[in-house]
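K.L.:
heads up, no residue letters with this:
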């Protein structure tokens, strides 16, 4: 399967620069994965599409202000560092710009008394750095860091909470699990009142989610590992629902990747670990029946994942309809319910 098989034409003006206000007033495309039938609704209509007994699975990871600006010592050259994944005590995998001068042994100074020494290169073009500081690392990051908005969002975000789900609680993501951005507390209560069960899992969004595919043969692409965690209570709730024939509906591609990483036998296993699962057409789903998701970048692993739920041809046809109907795309854009 070729990378260009997942390409489509997207006018730049359809790339959303800010979320809908209120959040749940984004548009919602209902997509029947068996027939390809499409309906047009709003996100606040989602409760009407759910049934008592359905299980909605949310990723409760919280975005940290992961973009840091510093200077190389002793030259004073400006450096941008994006925190990706903690890999040991005060050690992180990061992306550095400009990377060519961030050689092992380089020291970078940040405001707030924070320093980082570059220890090593990584196989994805990043760096491993060791931080030194006085105080609490999370507090320093909260003071000096910026929310790591994707590069296609050019407008400045006034309220950092716009890039945070209302149910976020586990710090650790370098990007938001954006399908969840559409939910409001009021909509969640309406869904609960319908008899829908909520389950929370955690996957800290890092490079694996948004790293571009560079190989023309997509099977050659290697996903970067991301950390996930599933509590025994969450696993029990999902396994019970599966045994009773109830629908498991993932909110976002990160929730799907978490569930399918830990559910390869058809039974979800509690625990935590690292996943580099890559889902593309031909994949057999063991846990997930349906998905709430945004509209994704051309040639991205996320577009490949949702194509695996249906077919590549049908998903691209739905995307053609979304373009024609002027849906808003990407992180702050509109949503699909693939059922």
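P.N.:
On my side now, so go ahead. Everything numeric here is computed off the predicted structure, so don't read it as measured data. Numbers count the residues shown, from 1 in each chain.
K.L.:
Now do the helices in the chain.
P.N.:
46-49, 137-144, 185-193, 207-210, 232-243, 253-261, 301-309, 312-324 (DSSP state H).
K.L.:
of all the ones you listed, which lies closest to residue 25?
P.N.:
Closest to residue 25 of the helices of the chain, according to Cβ to Cβ: helix 185-193, at 10.3 Å. From N, CA and C alone the C-beta is placed, and that goes for glycine too.
K.L.:
elements contacting the closest one?
P.N.:
helix 46-49, strand 197-203 (3 or more Cβ pairs under 8 Å, 6 or more residues apart in numbering; DSSP states H and E).
K.L.:
So which bits of it are buried?
P.N.:
Within helix 185-193, the residues that qualify as buried by neighbour count (16 or more other Cβ atoms under 10 Å) are 187-188, 190-191.
K.L.:
a markdown table please, covering these and showing distance to residue 71 and pLDDT.
P.N.:
Listed next are these as a markdown table, based on distance: Cβ to Cβ, whole Å; pLDDT from 0 to 100:
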| residue | distance to residue 71 | pLDDT |
| --- | --- | --- |
| 187 | 44 | 98 |
| 188 | 44 | 98 |
| 190 | 50 | 98 |
| 191 | 48 | 98 |
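K.L.:
what two of those are the furthest from one another?
P.N.:
Every pair of the buried residues of helix 185-193 checked by Cβ to Cβ; the farthest is 188 and 190, at 7.3 Å.
K.L.:
hang on, the earlier thing: looking at the helices and strands packed on helix 185-193, which one is packed in the most?
P.N.:
strand 197-203 (a mean of 23; mean count of other Cβ atoms under 10 Å).
K.L.:
What helices and strands are in contact with that strand?
P.N.:
strand 55-59, helix 185-193, strand 226-230, helix 232-243, helix 253-261.
K.L.:
quick one: it to helix 232-243, angle?
P.N.:
Interaxial angle of strand 197-203 relative to helix 232-243 (axes from the mean of the first three to the mean of the last three Cα atoms, to 10 degrees): 120 degrees.
K.L.:
Just give me the neighbour total for residue 248.
P.N.:
By the criterion of other Cβ atoms under 10 Å, residue 248 has 27 neighbours.
K.L.:
again with residue 176
P.N.:
Neighbours of residue 176 (other Cβ under 10 Å): 26.
K.L.:
ok, now which ones touch it?
P.N.:
63, 163-165, 205, 331 (Cβ atoms under 8 Å, 6 or more residues apart in numbering).
K.L.:
Give me the residues contacting stretch 22-30.
P.N.:
Residues contacting stretch 22-30 (Cβ under 8 Å, 6+ apart): 19-20, 38-46, 49, 166, 181-184, 186-187, 318, 321-322, 327-328, 333-337, 339.
K.L.:
Of the residues you listed, which belong to strands?
P.N.:
Secondary structure assignment by DSSP state E places 38-42, 335-337 of these in strands.
K.L.:
Report the separation between residue 36 and residue 80.
P.N.:
As for residue 36, its distance to residue 80 is 43 Å (criterion: Cβ to Cβ, to the nearest Å).
K.L.:
Make a markdown table from the helices of the chain and add distance to residue 131 to it.
P.N.:
Output for those, formatted as a markdown table (distance: least, Cβ to Cβ, whole Å):
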| stretch | distance to residue 131 |
| --- | --- |
| helix 46-49 | 41 |
| helix 137-144 | 7 |
| helix 185-193 | 35 |
| helix 207-210 | 19 |
| helix 232-243 | 32 |
| helix 253-261 | 26 |
| helix 301-309 | 29 |
| helix 312-324 | 41 |
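K.L.:
mean pLDDT lowest for which of these?
P.N.:
Note on the helices of the chain: helix 207-210 shows the lowest mean pLDDT, a mean of 69.
K.L.:
Show the buried residues in the contacts of stretch 22-30.
P.N.:
For the contacts of stretch 22-30, buried by 16+ other Cβ under 10 Å: 19-20, 38, 43-46, 49, 181-183, 187, 318, 322, 327-328, 333-337, 339.
K.L.:
Switch the contacts of residue 176 over to TSV; also include distance to residue 147 and neighbour count.
P.N.:
Shown next, in TSV, are the contacts of residue 176 (distance: Cβ to Cβ, whole Å; neighbours: other Cβ atoms under 10 Å):
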residue	distance to residue 147	neighbour count
63	6	23
163	5	22
164	8	17
165	13	24
205	13	25
331	11	23
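K.L.:
Inside strands: which ones of the residues you listed?
P.N.:
Short answer: the contacts of residue 176 in strands (DSSP E) are residue 63.
K.L.:
where in the protein is pLDDT low?
P.N.:
Scanning the chain for pLDDT under 70 picks out the ranges 208, 210.
K.L.:
centroid residue for it?
P.N.:
residue 177 (3.6 Å; Cα atoms, centre = their mean).
K.L.:
Please tell me how far that one sits from residue 123.
P.N.:
Relative to residue 123, and taking Cβ to Cβ, residue 177 is found at 25 Å.
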